[in-house]
Structure formats: structure tokens, C-alpha cells
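In: Sequence and predicted structure are below.
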Amino acid sequence: MHKDIDGKLLAKEILKEVSQDVADLAAAGWQPKLVAIVIGDSAPVALYVRNQKRSSEKAGINFEERAFTGQSTEDEVLAAIASMNADPRITGIILQRPVPDHMNIRRLQSAVHPLKDVEGMHPSSIGDIVYNDIRLGPCTAMASVELLKQTGLELEGLEVTVIGHSEIVGKPIAFLLMAEGATVTVCHHMTRNLAVHSRRSDAVFIAVGKPALISGDMIKPGAAVIDIGINQVTDEDGNTKVVGDADYDSCEKVAGWIAPVPGGVGPVTVAILMRNSVVAATRQKEHYEARFGTEPAGSQTQKLANSA
């Protein structure tokens, strides 16, 4: 009998911890503030930003959306990021994807100061994970690993297959799991006989964007299935619904645990963004205190502005 991993419950628990950390930071004069950069019009992005704002309000994090038209130039966005980097009142910056085709996402992402990179996508943030510093990382990847931890499976030595090797999900998941001691196989569109890898694994992560990519006969009995895909499908009656990359009906008969879509990775991803915002603000506080020492609340803002 499989068990669904409740992402909403986990997200609620994470936000409760974040709220206390935010209150402690604010009391010390370090009120976290998250800025979301949105370029162009996208309904999914707009929904994600609304969720970010709602979660920020629950956690006590100040939130601001900076919107740019799809016709904005890359230099305009880079200039705005530079200004945010220099503003001590802003402790976290997230660049919403996708960006227009005429912009270089890597260049924009690399422009965000590493201490304010709450998305965990700056090259130095990825490098931290490689060196086993996993306090802050890509939100979806970290959310996926947190869901696996809810199963109670021992990660050290665990056989895991990650299907999908994108820079923002698949690859970071592999690095995070290796940092926890798991034995990881990464599969992609050039992998031969995918089922050979998935059937021998204690846990399978799927992040491809293809409905029913994984079926029950491709899963080891009792394995954990962490479904990260988000796909909109239409049934025979013309009704649309959101499904993941795993065929839920067949997988539930074999798997020990399933992170469902919706209700699994999604809510936890936003909660991890809030936790990353706390980690970023804490790192800036530590950086400031190492440089200037501890002073009464509020004095750091002007000094940081003068030293920027």
C-alpha cells in the first residue's frame, strides 16, 4: 500500500520555522526583504509570484515585485539587479523564468550577488552544493529532496535514479543527494533502456515534462517516487487537469511512497524559497558583523549603503 507524501503539510511546517527565524532577524535589525524580478507576461509566472507574495506575508518577509516588459533590454535588467545588489534593504532577489529570448538567462542569474541569491542558481551557489554546503540551493531541487526525507529512508547509500538533467532541477538534485551520501544515477534523453535504471532504485525522481513517462512496471516495489513534472492534459470529455511525469494509477500499486502532482513538490518549492530568504539574510548579517562588528539594530543599513 503506497503512501502519498503530503507537500502541503511539509510546506506548512517549513513556513512555521521560517516565521520564527524571520522574527528573530527582524528583532536584530535585519528584516528580510525579497524582490521578484518578472520580465514579460506569463500566466504561470504570475501565479507563482502570487504564491510567493502570499507565503512571504505569512512568514513576515517583506515582498516586492519588479516588473519589466518583454521589450525591455538586457542592460536595463542588469542595471536594476546591480541597484538591488547595492541596496542593503533588499536581502533576497529571485529572477523569474522564463525570460525573453533576446536575454541571456545565465548572464542575468550571474549578476545577482551570491549573498542575495535566494533562487540558489548563481554559479557560486551551485559550487557550494558541490562542496557539500547544502544550506541554500535551487528551490525545486531542495524541495524534492526534502520530500524524499519525509519517507524516513536512510539517504546514505540509497540507490537513486534522477530522470532529467536540467540545470535548475535534475543536476542540482543529483548534487544534493550525493552530498547526503546517496548513490545517484542521472538519466536523460540519451539514456538507453531507462527502466533498467529505475527498476533497481530505492527512489526515483522524475523531472522531464512528459506525462506518463514512468509507469508502475518501471518502479521497484516499495520505492519512493518523487514526481516533479507539471503537465496539463485533456481527457476524452474535454476536461483539463494537471498531472506529473509518473502514471499515478499504475505507480501507486507498486511504490511505497509517491509525491503527487499537484500537492507534492509545488507547495514545498515556495516554502523553500522562504527558507532560502532567511538563509540569505542570515549570511548577510554574518558578513556584516564580521566586517563591522555588532551594532544596534538599524545602524547597519546606512553603513552598508556607504560601503557598497
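Out: Here it is on my side, so go on. Numbering: from 1, shown residues only.

In: residue contacts, the nearest residue to residue 141 once chain neighbours are set aside?
Out: Spatially, and ignoring its direct neighbours in sequence, residue 141 is nearest to residue 172 (3.7 Å; C-beta to C-beta, 6 or more residues apart in numbering). Placement of C-beta: from N, CA and C, glycine included. Going by C-beta atoms under 8 Å, 6 or more residues apart in numbering, residue 172 touches 120, 126, 129, 137-138, 141-142.

In: now, the most widely separated pair of those residues?
Out: Greatest spatial distance in the contacts of residue 172: 126 and 142, 12.2 Å, computed using C-beta to C-beta.

In: For the stretch 201-308 of the chain, which segments count as helices?
Out: 248-251, 265-292, 299-307 (DSSP state H, counting those that start in this stretch).

In: So for the first one, mean pLDDT?
Out: So the one you mean is helix 248-251. Helix 248-251 shows a mean pLDDT of 96.

In: ok so, going back, does the residue nearest to residue 141 lie in a helix or a strand, and which?
Out: Residue 172 belongs to helix 170-179 when assigned by DSSP states H and E.

In: Which other helices and strands does the helix or strand following that helix contact?
Out: Sequence-wise, the next helix or strand downstream of helix 170-179 (DSSP H and E) is strand 183-187. Under the contact criterion of 3 or more C-beta pairs under 8 Å, 6 or more residues apart in numbering; DSSP states H and E, strand 183-187 touches strand 159-163, helix 170-179, helix 194-199.

In: Flag the shaky bits of the protein, pLDDT-wise.
Out: 1, 295-308 (pLDDT under 70).

In: Would you point out which residue is most central in it?
Out: With distances taken as C-alpha atoms, centre = their mean, residue 139 lies nearest the centre of the chain, 1.0 Å away.

In: coming back round to it: out of residue 126 and residue 142, which sits in the more crowded spot?
Out: Set residue 126 next to residue 142 and count neighbours by other C-beta atoms under 10 Å: residue 142 wins out with 25 against 18.

In: Please name the nearest non-neighbouring residue to that one.
Out: Counting by C-beta to C-beta, 6+ apart, residue 142 lies nearest to residue 272, which is 4.9 Å off, once chain neighbours are set aside.

In: Farthest from the middle of the protein: give me that residue.
Out: In the chain, the residue that sits farthest from the middle, by C-alpha atoms, centre = their mean, is residue 237; the gap is 34.6 Å.
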